[in-house]
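3D model of this:
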Amino acid sequence: MDNYIVFLPSPASSTALSESLGALEALNVEPEYDRAFNREREFFAYAHNVFNRVTAHRPSVRVFAEAEAAGSLSAMSEATAEEANSLTDESILPSLQAFIAQLERAEAERLRSLGAHVIQDFEIPFDAPEIEPENVEPLSNAWHLEKINVTAARNKELTGSGVLVGVLDTGIDASHPEFAGKEIHFAEFSRDGKIISTTARDAGDHGTHVCGTIAGRTLGVAPDADLAVACVLNQIGLNGRLTTQFSVIVKAIDWLQRTDFDGRSVAVVNASLGGRGYISDLYGAVQTMRNVSNIGLIAAIGNLGERGVDNHGSPANYDVSLAVGNTDAQDNVNPSSDWGTVAEHNGLQKPELSAPGTSILSSIPGGGFGRMTGTSMASPCVAGAAALLIQQDPTLADDVDRLFGRLKALTVPLADRARAGVGRLDLTGV
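Numbers count the residues shown, from 1 in each chain. Got it, this is the predicted structure:
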């Protein structure tokens, strides 16, 4: 069996599924959920029923389903469910109307015939920039903050206070002095959709650097913002580098949308990662995050610009994401920064804007500081700026169009419009 991600239609929209599930049609599960996800339990029941019907030929699944129907499921452990190759609640993604499961090929085809969108899991590679450790006084080397005129925001007491920023990355070293006193939520995910740890760690160094640029005490654009960090880049690929799976990304997106973080919700998400080319299978998850949960995704456009135009990757090249390019201290677009158009979105020009991303000093695991270069460093500058704007006008947290519009308006035009977008981030007019 292989790992699959199954996106389900509502019974009402799929005649075949309605007929297969019989009485379950009465649930009338809708494909979209409000922010509170108050119909979550209905979807759990729906997903379990679909899975159990399609896999009913498996003896172990029949035993599990019978226990569930008899109301004795609580006596069966999660380990028992795994041994039965059954579906556990942790592998169900209500915000995306999906679940993750081990399926036989014939079972996957059966689900497709019932109207489900079924995707076999796949690897999303990650090319992390090299780090240059430095023993320096952080504020004396924070050129990125000066370049975007963060002082203009501080003069208006804008620090990101009260805003929760989501992060998809390698994790975070929460013990770093840059994050002292900060509220940090953390989850690390496995490829079967399970949370394997809530103890903060960085599987590399990239995530700690990114988080420091968003919300570090001295080097962050929004030093008083809090963080919800999804550790998704936590696997070692064939090339010996960190990588992730499609299933891990969609589980993390569901977690960021659906979790009640001590009474708070994520306002915006930074994704300093991406697959190469256009990944159509991921589009729906990002679209749902924006259009249903009102959470904007700010993403690095990619670092293959030296190969020429149109080497950008997903999710930055989606029309529902805000893509960020990389500029240096002299306002030149870094040669590695990707750009181009997106055929899947009628020739949409990417990136939308740029920000400092060359030789950016930020936190690294172990309490130190180091420099990195890449659009991965530019994107968190913009995510931090988004936190400032949401603090200034909290209604922007529920209006992604206005939030992205404000960010694009807070720019200075650069000569290379094709590669820089509307311009480089500048908070002077905040």
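
so S247 is in contact with D121, correct?
Yes. Shown here, S247 and D121 form a contact pair, counting by C-beta atoms under 8 Å, at 4.8 Å. (Glycine included, C-beta is placed from N, CA and C.)

secondary structure element for the residue most central in space within the chain?
Averaging the C-alpha coordinates of the chain gives a centre point, and the residue nearest to it by C-alpha atoms, centre = their mean is L168 (4.5 Å). Using DSSP states H and E, L168 sits within strand 164-169.

and for A152?
helix 150-154.

quick one: residues in contact with that helix.
Residues external to helix 150-154 that are found in contact with it (C-beta atoms under 8 Å, 6 or more residues apart in numbering): T159, V221, A385, L388, L427, T428, G429, V430.

next secondary structure after the least confident helix or strand in the chain by mean pLDDT?
In the chain, the helix or strand scored least confidently by mean pLDDT, DSSP states H and E is helix 78-83, which has a mean of 52. Heading C-terminal from helix 78-83, the first helix or strand you meet, by DSSP H and E, is strand 92-93.

any stretches of the stretch 1-150 of the chain with poor pLDDT?
Regions of the stretch 1-150 of the chain meeting the criterion pLDDT under 70 cover residues 11-39, 59-85, 136-140.

quick one: the strands in the stretch 51-200 of the chain?
Assigned strands in the stretch 51-200 of the chain, in chain order: 92-93, 98-103, 117-120, 123-125, 132-134, 164-169, 184-189, 195-197 (criterion: DSSP state E, counting those that start in this stretch).

got these as a markdown table, with distance to D328 columns?
Formatted as a markdown table, the entries for the strands of the stretch 51-200 of the chain read as follows, by distance: least, C-beta to C-beta, whole Å:
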| stretch | distance to D328 |
| --- | --- |
| strand 92-93 | 40 |
| strand 98-103 | 41 |
| strand 117-120 | 39 |
| strand 123-125 | 26 |
| strand 132-134 | 15 |
| strand 164-169 | 23 |
| strand 184-189 | 30 |
| strand 195-197 | 37 |
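
nearest to P413, of the ones you listed?
Between P413 and the strands of the stretch 51-200 of the chain, the tightest spacing by C-beta to C-beta is seen for strand 164-169, at 27.0 Å.

what's the mean pLDDT across the strand holding L168?
Mean pLDDT, computed over strand 164-169, is 98.

name the strands paired with it and say parallel or antiparallel.
Applying DSSP bridges to the sheet, strand 164-169 is found paired with strand 226-231 (parallel), strand 268-271 (parallel).

relative to strand 184-189, how tilted is it?
Taking axes from the mean of the first three to the mean of the last three C-alpha atoms, to 10 degrees, strand 164-169 and strand 184-189 form an angle of 30 degrees between their directions.

the closest residue to L304 other than its chain neighbours - how many residues pack around it?
Taking C-beta to C-beta, 6 or more residues apart in numbering, and ignoring the residues beside it in sequence, L304 has N311 as its nearest neighbour in space, at 3.8 Å. Neighbours of N311 under the rule other C-beta atoms under 10 Å: 17.

now N311, what's its secondary structure?
Classification of N311 into helix, strand or coil gives coil, according to DSSP: H, G, I helix; E, B strand; the rest coil.

these two touch, right, it and Y278?
No. Look at N311 against Y278 with C-beta under 8 Å: they stay out of range, at 11.2 Å.

need the longest helix for this protein.
Among the elements of type helix in the chain, defined by DSSP state H, the one spanning the most residues is helix 375-392.

hmm, back to that, common neighbours of S247 and D121, please.
Shared contacts of S247 and D121 (C-beta under 8 Å, 6+ apart): N3, I5, I100, R191.

and which of these is nearest S175?
S175 has its nearest neighbour among the shared contacts of S247 and D121 in R191, at 27.4 Å by C-beta to C-beta.

quick revisit: okay, S247 and D121: which has more neighbours?
Taking neighbours as other C-beta under 10 Å, S247 and D121 compare with S247 leading, 25 against 17.

one step back: show me what the longest helix of the chain is packed against.
Judged by 3 or more C-beta pairs under 8 Å, 6 or more residues apart in numbering; DSSP states H and E, the packing partners of helix 375-392 are strand 164-169, helix 206-215, strand 268-271, strand 296-300, strand 321-327, strand 353-356, helix 400-409, strand 424-425.

can you list the strands that the fourth one pairs with?
Partners of strand 296-300 in the sheet, by DSSP bridges, are strand 268-271 (parallel), strand 321-327 (parallel).

could you dump these into CSV and include mean neighbour count and mean pLDDT?
Listed next are the strands paired with strand 296-300 as CSV, based on neighbours: other C-beta atoms under 10 Å; pLDDT from 0 to 100:
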stretch, mean neighbour count, mean pLDDT
strand 268-271, 29, 98
strand 321-327, 31, 98
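
take these and write them to a markdown table, including distance to T55.
As requested, the strands paired with strand 296-300 are arranged in a markdown table below (distance: least, C-beta to C-beta, whole Å):
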| stretch | distance to T55 |
| --- | --- |
| strand 268-271 | 33 |
| strand 321-327 | 35 |
